[in-house]
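Visitor: what follows is a predicted structure for the sequence shown.
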Amino acid sequence: QLIETANTNMANDARDAAVTTYIAFLRGINVNGCRVIKMADLRSSLDASSLDINGGVKTWLQTGNVIFQAAASSSSNNPKMMLEEKIQGVIQKCFGFKVPVMVRTLAELQETVARNPLAGKESKRLFFAFLQQRPEKDLLDGMDLVDYSPEKYAVVGDETITNNTNDQSTSSWWCICFYVPNFARYKLDTTLFEKKLKIAATSRNWKTVHKLLELMMAKEELEGAATASSSPRNKSESKKTRTTKQKPPSTTSRTRKGTTDTASITADSPAKNTRTLRKRKIR
C-alpha cells in the first residue's frame, strides 16, 4: 500500500510540474515501402512508453509527426535530446530499425515560422528542413559557394543556455527554410542538406507545419483547461456553485541563395497530397 501511495504521489507531482507541448519529426519513414510504420502502432508503442504525461500521443500524416506533452525533467540538462533518444529507442525496439528524430517545443516551432525570411514566397512551394543540431559555420559557408538559383534558402535558429541551481540547461533549434519553384527540377532537398552539413534533417512543407502548429496549440489549450478544472480550488468552487445554484462568473537568421528532402517533396507536397490530406484525420 505504501508503494502504491508513493507511485500515486510521484504521478501527481509529475502532472503538477511544468508541462511542455512537443512535436517530434521522424526522418524517412513510409517512403517507397521502406521503414514502414503504421501510425496506430506508433501511437500505441509511444503511449505504452509513457511518452505523453496524459497518455495522449497524437500523430498527423504518415510522414511521422508526433505531438505529445511531457513534464520538465530534473535529471537532464537537455530534455529534448532525452526525448529524442527515448522515441528512437521505442521505434528500434518495436519496429526493428533506427529513425532520426528531431524534437521541437511549441514555442520553438512558432518562432521558426515567425522568423522565416522567405515568408513572402508562394506558400505551397515553401519547405522547412528541421536540423538535428547546430550546423557548423564553415560547412554553411561552403554551401554559399554554389548558386542554387532560382531556389532560395535561409538558416534560422537559436541556442539558449539557462543557468539552473545545479547545472546548465541547453536548448537549441535550427531549421533551413527553403523555396522550390519547380517540383519537377530542383537542387535543394533534405538529402543535400545532410550531405553538405553532415547532420540529420527532415523536411515538411508549409501547409503541414502550420497544421501541426494548430494541433499543438489545441492540445495545449485542452491540457490547460483540464488542469484548471481538476485543481482542488476549482473543484471546491464548482461544488459550491452546484449546491447554492449560483450563476457562474462571466466569462539568427541567415539568408542564402537558392535548398528539400526528395522524399519530403514527393510525400509532403500539397500539390500531390491534397486528396490524402482531406481523408486523413488526427487520432
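Guide: Okay, I see it. This is a predicted model, so every value here is computed, not measured.
Visitor: is the nearest residue to V180 once chain neighbours are set aside in a helix, a strand, or coil?
Guide: Setting aside the residues directly before and after it, V180 is nearest to Y186 in space (C-beta to C-beta, 6 or more residues apart in numbering), at 4.7 Å. All C-beta spots, glycine's among them, are computed from the backbone N, C-alpha and C. Recorded secondary structure, Y186: coil (DSSP: H, G, I helix; E, B strand; the rest coil).
Visitor: skipping adjacent residues, who's closest to S172 in space?
Guide: Nearest non-adjacent residue to S172, counting by C-beta to C-beta, 6+ apart: E159, 4.0 Å away.
Visitor: burial measure for M81, as a count.
Guide: Residues lying near M81 (other C-beta atoms under 10 Å) number 17.
Visitor: the helix or strand harbouring it: which residues count as buried?
Guide: M81 belongs to helix 79-95 when assigned by DSSP states H and E. Under the neighbour-count criterion of 16 or more other C-beta atoms under 10 Å, helix 79-95 has P79, K80, M81, L83, E84, K86, I87, Q88, V90, I91, F95 buried.
Visitor: which positions within the helix or strand following it qualify as buried?
Guide: Per DSSP H and E, helix 79-95 leads on to strand 101-105 as the next helix or strand towards the C-terminus. Residues of strand 101-105 classed as buried: V101, M102, V103, R104, T105 (neighbour count, 16+ other C-beta under 10 Å).
Visitor: picking that back up, is it possible to get CSV of the buried residues of helix 79-95 that adds pLDDT and distance to T191?
Guide: Shown next, in CSV, are those (pLDDT from 0 to 100; distance: C-beta to C-beta, whole Å):
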residue, pLDDT, distance to T191
P79, 91, 29
K80, 94, 24
M81, 93, 24
L83, 96, 25
E84, 97, 21
K86, 97, 27
I87, 98, 22
Q88, 98, 20
V90, 98, 26
I91, 98, 21
F95, 98, 22
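Visitor: circling back to that earlier point, would it be right to say that the residue nearest to S172 lies in a helix?
Guide: No: assignment of E159 by three-state DSSP gives strand, placing it outside any helix.
Visitor: tell me the confidence at it?
Guide: Per-residue pLDDT puts E159 at 72.
Visitor: thought it was touching R134?
Guide: Yes: the criterion here is C-beta atoms under 8 Å, and E159 meets it with R134 at 6.3 Å.
Visitor: those two: which is more packed in?
Guide: Higher neighbour count among E159 and R134: R134, with 15 against 12, using other C-beta under 10 Å.
Visitor: how close does that one get to T202?
Guide: Computed as C-beta to C-beta, to the nearest Å, the R134 to T202 distance reads 16 Å.
Visitor: ok, L213 next?
Guide: Distance of L213 to T202, computed by C-beta to C-beta: 17 Å.
Visitor: and for L145?
Guide: Taking C-beta to C-beta, one finds L145 at 25 Å from T202.
Visitor: out of those two, which sits in the more crowded spot?
Guide: A direct count of neighbours by other C-beta under 10 Å for L145 and T202 places T202 higher, at 28 against 6.
Visitor: check which helix or strand the more buried one maps to.
Guide: In the assignment (DSSP H and E), T202 maps to strand 201-205.
Visitor: next one: D41
Guide: If you go by DSSP H and E, D41 is part of helix 39-48.
Visitor: for A72, what are phi and psi?
Guide: phi -60, psi 140 (degrees, to the nearest 10).
Visitor: and the buried residues of helix 79-95, which two are the farthest apart?
Guide: P79 and F95 (23.9 Å; C-beta to C-beta).
Visitor: pretty sure F68 sits in a strand.
Guide: Yes: F68: assigned to a strand according to three-state DSSP.
Visitor: quick one, the strand holding T202 and strand 101-105 angle?
Guide: Strand 201-205 and strand 101-105 meet at an angle of 60 degrees, taking axes from the mean of the first three to the mean of the last three C-alpha atoms, to 10 degrees as the criterion.
Visitor: adjacent strands (with direction) for strand 201-205?
Guide: Paired neighbours of strand 201-205 in the sheet (DSSP bridges): strand 126-131 (antiparallel).
Visitor: circling back: relative to L106, how far out is the residue nearest to S172?
Guide: Where L106 is concerned, E159 sits at a distance of 18 Å (C-beta to C-beta).
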